[in-house]
Structures are given as C-alpha cells and as structure tokens.
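Q: Kindly return the folded structure for what I paste below:
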Amino acid sequence: MKYSSPSKLLLIVLGWIFVGFGVIGIFLPLMPTTIFMIIAAWCFARSSEKFYNWLIYHPRFGKTVRDFYEKKGMSLKSKITSIVMMTTAISISAIFFTQKVFVKIILFSIAVGVAIYIASLKTIKPDIPPQGE
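A: Residues are numbered from 1 along each chain as shown. Below you'll find the model as predicted:
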C-alpha cells in the first residue's frame, strides 16, 4: 500500500488503534465501543476511503457510526444502553476502586456530563421496512 503523506499513515494507524479499543470495549464495560468507532471513522475519513467504507458498512458497528455522522443522533436503545453501561461502570469504579472523595466527584461529574450529552443527541427512530400489499 502506498500513502501520500505521513499524516495519512498516522491517521490510519490511529484509526486501527481506535478500532482495537472499540473491540476491547465490547468485552470491558469501562471501554466505550461506539465512541472509539466514531473516532476511528473520523481518522479513516481523512486517510483511507477503503478503511472508512469498511467501518461504516461493518455489520456490527456500521449503522451506529453512520447514524451518528449522517443523522447526528443515536437510537433510543443505544442511548439507554450507553448511559446505563457508563453509569454502572463509573459507579463500580467510584465505589470500589477509590476512597478519595474528589476522584469520586470527578468520576460522577464525567458521568453526568456524558449522560447529558448523549441524552441531548437527536433520537433516531428505527427504520421500519415498508409493508407488502
């Protein structure tokens, strides 16, 4: 493969790193899959049409990434799942892994901020296939 500039190569490498983080996020609730895939798509959009198309048409990740970029929103199911998983992971971290009050405040502040952001995104209604006659 030949790339026209070091910056494109760097974006491709970063894109694949974020895809890797996203895949890890499938198995670890502390790692958010969707946001890493969105960042990877941003990197690929600026560096490799092939990798960008692979990601946005991927059977598992593609619809969520396309919805975010094209429709500027998330489905209600994705919003609820994201907020519940994030709140659960941050709560477990704050309760069991730190005794420092300021760290707990920072963690919960991040959770509230991200939850507000996710809730503020447009809610995309699921595509309903046309019914036959």
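Q: Contacts only, for W16.
A: The contact partners of W16, taken as CB atoms under 8 Å, 6 or more residues apart in numbering, are 40, 51. (Glycine included, C-beta is placed from N, CA and C.)
Q: no wait, P126
A: Contacts of P126 by CB under 8 Å, 6+ apart are S75.
Q: Which strand or helix spans it?
A: Taking DSSP states H and E as the definition, P126 sits outside all helices and strands.
Q: Repeat that for I92.
A: Assigned by DSSP H and E, I92 falls in helix 76-96.
Q: tell me, how many neighbours does S93 end up with?
A: Using other CB atoms under 10 Å, S93 has 15 other residues around it.
Q: Look up how far M86 lies from the residue nearest to it when sequence neighbours are not counted.
A: Spatial nearest neighbour of S93, excluding adjacent residues (CB to CB, 6 or more residues apart in numbering): L107 at 6.1 Å. In this view, L107 and M86 are 11 Å apart by CB to CB, to the nearest Å.
Q: which stretches of this protein have low pLDDT?
A: Scanning the chain for pLDDT under 70 picks out the ranges 1-4, 29-31, 127-133.
Q: Could I get the full set of helices for it?
A: Ranges of helices in the chain, per DSSP state H, are 6-27, 33-45, 49-56, 62-66, 76-96, 101-120.
Q: Which strands or helices does the last one pack on?
A: In other words, helix 101-120. On a contact count with 3 or more CB pairs under 8 Å, 6 or more residues apart in numbering; DSSP states H and E, helix 101-120 meets helix 76-96.
Q: what does the second one give?
A: Where contact means 3+ CB pairs under 8 Å, 6+ apart, helix 33-45 is packed against helix 6-27, helix 49-56, helix 62-66.
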